[in-house]
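Student: how would this look folded up:
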Amino acid sequence: MGYLAYIRQVLRPHKRRLIIAIIAMLGVTLVGLMSPLLIALIIDKVVGQGRYDLLFPIALILLSLPLLNGVFQAVSDYTVTLLGQRLVFDIRLDLYERVHRLSCRYMQNATTGKLMERLRGDVQQVQNLMTNQTLSLVVQLVCALLSLGLMAYLSIPITSLVLVAAGLYVLNYKFFIKRIRRVQRRYRYKMDHLSSRAQERLTGSIVVKTFGHERQESRAFIRRNFVAERIFHRYRMLNLGYGLCASGVAWGCYLAVLLLGTRAAVMGTLTYGAVTALAAYMWRLLQPAIQLAELSNQIQQAKVSMDRIFELMLAEPDAIGRPGKRLPRLSGEVAFQNVCFQYEPGKPVLKHLNLYVQPGQTVALVGHTGCGKSTIGNLLYRYYEPQAGHLEIDGHDISTLDTRWYRRHLALVPQDPIVFDTTIYHNIAYGRAEATRQEIEQAARAAELGPLLDNLPQGLDTPLGEYGITLSVGERQRMCLARAILADPAILILDEATSSLDTQSETAIQLAMKRLMTNRTCFVIAHRLSTIVNADQIVVMDAGRIMEMGTHHQLMARTDSYYRHLFLTQSSPGPKVKVAS
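Tutor: Presented below is the predicted three-dimensional model:
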């Protein structure tokens, strides 16, 4: 879809308001074009020919023009403002929904600041293009054409001079506009990085304060801001040069019209009223020319914003929008059949993985950093597609299932708990929006959040602040567990849910996890091996392959078992060796 096609699609629901706005703005233009003709009539007819009987009706019409102009202007301003607000809402909503449909591959390379800049600044630029700028451009072009027509009626030679000036204006536009667009794109790129870094540092302000880096961060911000400002200064200088050249052409043409018109009046080929009208219409032609110079700069800004917005719209979508089948029931049987996967070409993460998990089994994944444990979870959630092999759920290839329906039967408890800036109730209800308040409270207490709720005056309705800042790490982790309990998934993924907790918090969460893992297929990415001794299968991975697999007792019985070596190392009283994810 091209830019014009997208603009038409967005404007289509607001066609009525758009037509009203155009009519009102044209009304303002036509009212403005009437006064030079009326003044010319007064000069030529009333003063020149003594037709004083025309003075009263012409004066009456002149007095009514400001009233008509005010009515049309009020309707235009109201309609354009309302239209702009609706367009901002529609575009932001469309873009927000598309961001949530982007693939994980794209989201991994996109910063939050970059996405927010698209949703805020770029959308505002496009909204200006499709309301104020576009409507103004249409009206100014109509005004210019009408002025040219009236000038041609009064004097062909002077009109020809104006057309020559229009050609010079076009040459000026072509000379500057590519340079302006290139610098504008660089500026927006720098602002993306500035916003991303500022958001990152503000989010981690506690780390900045802890290490006393406030001054260093301020200096880094000043340096990046200075670079962006230098680029913006060049952008403004190009705009200034463009506007000055355009104004020079316009004012030079205006002076030429005055000189030629005055000479023609002296020679008797034009009336004094016609010269006055030509000068007025020339001004009404030059004013749009000057405004078009500024407008073209704003259009270039909007063009850059459209480029950035379409970069998101054309990015690889997630599998969630693709059609698929829904099963009567999901039991949780999982089969990886010769699965190969890589995030980057030439860097395989999983190599011919074969793993079968029966419904209700608990499988623990063990291995060093980069061995592919978390990738298994990503493939199960269908965040990515295998490059080779098949992943089957209940005997059906995962690519044939309805992704949205399928994901509702999964739940993830991540290593870094994610808590939203809302109440406990709404955070837990995120697992199943249609759940009753009683079910949500039961899930919270099953996740060992009962003591927390009992100590809070507002209970479930307690707001948690940004990132759940009012909670401890353990409480945030139990919040995620409660969310998973409420979802009642067929397949559960626990991604090192207790790796960063103290002993007391880990004990509470282990108890909640034991309830959660009952009668469902579970994949546990293990950090502390003592927490997975009761797993039905322990899968030890290395470099994307399965090294060994079995129960805790089976693997411990092997003297050459890598798992046995890791378990004994972690259980010894000396320094602990952790198995990183």
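Student: isn't Lys190 right up against Phe226?
Tutor: No - counting by Cβ atoms under 8 Å, Lys190 does not reach Phe226; the two are 10.3 Å apart. Bear in mind the C-beta positions are built from the backbone N, C-alpha and C, glycine included.
Student: what is the host helix or strand of Gln85 packed up against?
Tutor: Element membership for Gln85, per DSSP states H and E: helix 55-100. Counting contacts by 3 or more Cβ pairs under 8 Å, 6 or more residues apart in numbering; DSSP states H and E, helix 55-100 is packed against helix 3-11, helix 15-41, helix 123-128, helix 272-313.
Student: re the thing from before, and Lys190 and Phe226? Which one has more around it.
Tutor: Lys190 (18 against 10; other Cβ atoms under 10 Å).
Student: tell me the mean pLDDT for the host helix or strand of Ser218?
Tutor: Assigned by DSSP H and E, Ser218 belongs to helix 214-267. Per-residue pLDDT over helix 214-267 has a mean of 84.
Student: quick one: pLDDT of Gln108?
Tutor: So Gln108 comes in at 65 (pLDDT).
Student: for the remainder of this discussion, apply numbering that starts at 597.
Tutor: With the count now opening at 597, the last piece we talked about shows up as Gln704.
Student: what sits closest to Ile687 if chain neighbours are left out?
Tutor: Val719 (5.1 Å; Cβ to Cβ, 6 or more residues apart in numbering).
Student: and the one you found, how close does it get to Leu1162?
Tutor: 51 Å (Cβ to Cβ, to the nearest Å).
Student: if we can go back for a sec, deepest in the core, which of the helices and strands packed on helix 651-696 is it.
Tutor: helix 719-724 (a mean of 22; mean count of other Cβ atoms under 10 Å).
Student: and the next helix or strand past that helix?
Tutor: Next along from helix 719-724, by DSSP H and E: helix 730-750.
Student: could you give the angle of the helix holding Gln681 to helix 599-607?
Tutor: 100 degrees (axes from the mean of the first three to the mean of the last three Cα atoms, to 10 degrees).
Student: quick one: distance of helix 651-696 to the chain centre.
Tutor: 28 Å (Cα atoms, centre = their mean, to the nearest Å).
Student: pLDDT (mean, whole number) over it?
Tutor: 83.
Student: now swap in stretch 969-979 and tell me
Tutor: 87.
Student: and what of stretch 1154-1162?
Tutor: 85.
Student: got the CA coordinates for that stretch in PDB?
Tutor: The C-alpha coordinates for stretch 1154-1162 follow below in PDB (Å, rounded to 0.1, in the frame of the first residue of the first chain):
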ATOM      1  CA  ARG A1154      25.800 -42.400  35.400                       C
ATOM      2  CA  THR A1155      29.300 -41.700  36.500                       C
ATOM      3  CA  ASP A1156      30.100 -39.900  33.300                       C
ATOM      4  CA  SER A1157      26.900 -37.800  33.400                       C
ATOM      5  CA  TYR A1158      27.400 -34.000  32.800                       C
ATOM      6  CA  TYR A1159      24.300 -33.400  34.800                       C
ATOM      7  CA  ARG A1160      25.700 -35.400  37.800                       C
ATOM      8  CA  HIS A1161      28.900 -33.300  37.700                       C
ATOM      9  CA  LEU A1162      26.800 -30.000  37.700                       C
END
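Student: return the set of buried residues in that stretch.
Tutor: Neighbour-count burial for stretch 1154-1162 flags 1157, 1159-1160, 1162 (criterion: 16 or more other Cβ atoms under 10 Å).
Student: same check on stretch 816-835?
Tutor: Going by neighbour count (16+ other Cβ under 10 Å), the buried part of stretch 816-835 is 820, 824, 827-828, 830-831, 834-835.
Student: what's the local residue count around Arg694?
Tutor: Neighbours of Arg694 (other Cβ under 10 Å): 16.
Student: Leu910 is in contact with that one, correct?
Tutor: No - look at Arg694 against Leu910 with Cβ under 8 Å: they stay out of range, at 9.7 Å.
Student: what about Met1143, which SS state?
Tutor: Under the three-state scheme (DSSP: H, G, I helix; E, B strand; the rest coil), Met1143 adopts strand.
Student: ditto for Asn934
Tutor: strand.
Student: that one contacts Gln983, correct?
Tutor: No - counting by Cβ under 8 Å, Asn934 does not reach Gln983; the two are 11.3 Å apart.
Student: what touches both of the two?
Tutor: With contacts defined as Cβ atoms under 8 Å, 6 or more residues apart in numbering, no residue is adjacent to both Asn934 and Gln983.
Student: Asp1084 - how many residues pack around it?
Tutor: 17.
Student: hmm, I typed the wrong one, I wanted Thr675.
Tutor: 23.
Student: ok, and the closest non-adjacent residue to it?
Tutor: Using Cβ to Cβ, 6+ apart, the nearest residue to Thr675 is Ala617, at 4.2 Å.
Student: repeat that for Leu856.
Tutor: Leu856's closest residue in space is Ile754 (Cβ to Cβ, 6+ apart), at 5.7 Å.
Student: now do the helices in the stretch 997-1146 of the chain.
Tutor: 999-1003, 1020-1025, 1033-1042, 1046-1051, 1069-1083, 1099-1112 (DSSP state H, counting those that start in this stretch).
Student: many thanks, have a good one.
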